[in-house]
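Q: next come a sequence and a model predicted from it.
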Amino acid sequence: MIYRPAYTDKIMAYANTPFVKVLTGVRRSGKSTILKMIVEKLKTEMGIPDDRIVSCRYDSMEFENMTASQMYFQLKEHISSKGKTYLFLDEVQEISGWEKVVNSLASDFDVDIYVTGSNSRMMSSEISTYLTGRYITFHIYTLSFAEYLMFKQSYTAISDPRAELADYIRLGGFPAVHLQKYSQDEIYTIVRDIYNSTIFSDIVRRNQVRKIDQLERVVKYTFHNVGNTFSAKSISDYLKSENRKIDNETVYSYLEKLEKAYLLHRCSRYDLHGREILKTQEKFYLADTSLRYSVLGYSSDTVAASLENIIYLELCRRGYTVYVGKAGDGEIDFAAVRQNEKIYVQAAQSISSEKTKEREYGRLLDIRDNFPKYVLSLDNFSGGNYEGIKNMHVADFLLSEEY
């Protein structure tokens, strides 16, 4: 296993506390492996014996058709009388009513509980209802650029990070495709299988979606329009132009299901002057850039949108709440807020032309506050600053610890 301390360190900080640790995220982002890492740390760093560690993976045939009551009594049988028992419950959303089980176990016994899940049942109000004030959520993303380099370094020599960024953009960060050397076609085959299993297991089958072709057209529209503002009406109008009738409410429903399966992230617009979240013309970003290329094919003219996607995910990983900033008639790619901190980010594939410089820097200069501002690009000369705005190469920004 290649450790991912960005997650294990955060989760271990809550070991032996009464909080249920809930790990969520898109399929194959590494949640199950992170559970194994936590188990290993409990054994090696805290000396917890094997008989006080219980692990169950509920998407196994062994637990098919298990009820919540059966789950409770099955786990109860394994709770140790010699001290705290550590329960690792993987893909718990497969058991209807798992929230009640976890709440009962946490109330009835001396246990430390860790759970994972990959779909809407992990976002339901049931968690809040039964685990109010008793759980901490950790969103597990696919590999960051720093983690990607670490994984790749385990089986091959890596070049300059700026050069490696091109591969990261194309191949994405699903951990499974970076454990050894795969061709681009092999990687996209693996990612396409992740996409298909998410669409058909977590969305179609679970929600009994009948018009699968309609759903897939909405998916492809959002994948094509990563980094562009659009609305449900935009999608509805587009499909109608192709003689595919669909109403706005159905589009909203599909987008919500894609979010709940963690394939999409919604990025709302924020009026920087009026200081309010706007409810129209949002942007959507993918859980991983490789999803777009595995479904639609790779095209070099999509690099700019993929850069935005990568920067958005990195800001989320670092704990920022991220918005598209609206400033008058202009738009700031990202206004990111974390407690009392804020940063503004403009991203462009290149800022070599005067017109691009004027656009990217000008919008940031119009913001009259003292929070850090960045212009990011793939230009090799990126560095320094312009009237207080930091100019950085995207790779350097992704690996920086200064924000």
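A: Ah, there it is.
Q: all contacts plus neighbour counts: C-alpha atoms, from now on.
A: OK.
Q: what segments of the stretch 1-150 of the chain are helices?
A: Secondary structure of the stretch 1-150 of the chain, counting by DSSP state H, counting those that start in this stretch: helices at 5-12, 31-46, 68-76, 98-108, 125-130, 145-153.
Q: what's the least confident stretch among the ones you listed?
A: When the helices of the stretch 1-150 of the chain are compared on mean pLDDT, helix 125-130 scores lowest, with a mean of 69.
Q: hang on, the earlier thing: between the helices of the stretch 1-150 of the chain, which one is closest to Thr116.
A: Checking these against Thr116 by Cα to Cα gives helix 31-46 as the closest, at 6.5 Å.
Q: and the end-to-end length of stretch 114-132?
A: 16 Å (Cα to Cα, to the nearest Å).
Q: same list (the helices of the stretch 1-150 of the chain) but as CSV, adding mean neighbour count.
A: Listed next are these as CSV, based on neighbours: other Cα atoms under 10 Å:
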stretch, mean neighbour count
helix 5-12, 15
helix 31-46, 17
helix 68-76, 15
helix 98-108, 18
helix 125-130, 14
helix 145-153, 18
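Q: could these go into JSON lines alongside distance to Ser201?
A: Output for the helices of the stretch 1-150 of the chain, formatted as JSON lines (distance: least, Cα to Cα, whole Å):
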{"stretch": "helix 5-12", "distance to Ser201": "27"}
{"stretch": "helix 31-46", "distance to Ser201": "18"}
{"stretch": "helix 68-76", "distance to Ser201": "21"}
{"stretch": "helix 98-108", "distance to Ser201": "19"}
{"stretch": "helix 125-130", "distance to Ser201": "21"}
{"stretch": "helix 145-153", "distance to Ser201": "28"}
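Q: among those helices, which is nearest Ile203?
A: helix 125-130 (18.0 Å).
Q: poorly predicted segments of this protein, please.
A: 119-126 (pLDDT under 70).
Q: in contact with the residue nearest to the spatial centre of it, which residues?
A: By Cα atoms, centre = their mean, the chain has its centre lying nearest to Tyr141, at 4.0 Å. Contacts here follow Cα atoms under 8 Å, 6 or more residues apart in numbering; on that basis Tyr141 touches Gly25, Val26, Ser29, Gly30, Ala287, Leu313, Arg317.
Q: can you do 10 Å?
A: Each residue near Tyr141 by Cα atoms under 10 Å, 6 or more residues apart in numbering is listed here: 7, 24-31, 173-175, 262, 287-288, 313-314, 316-317.
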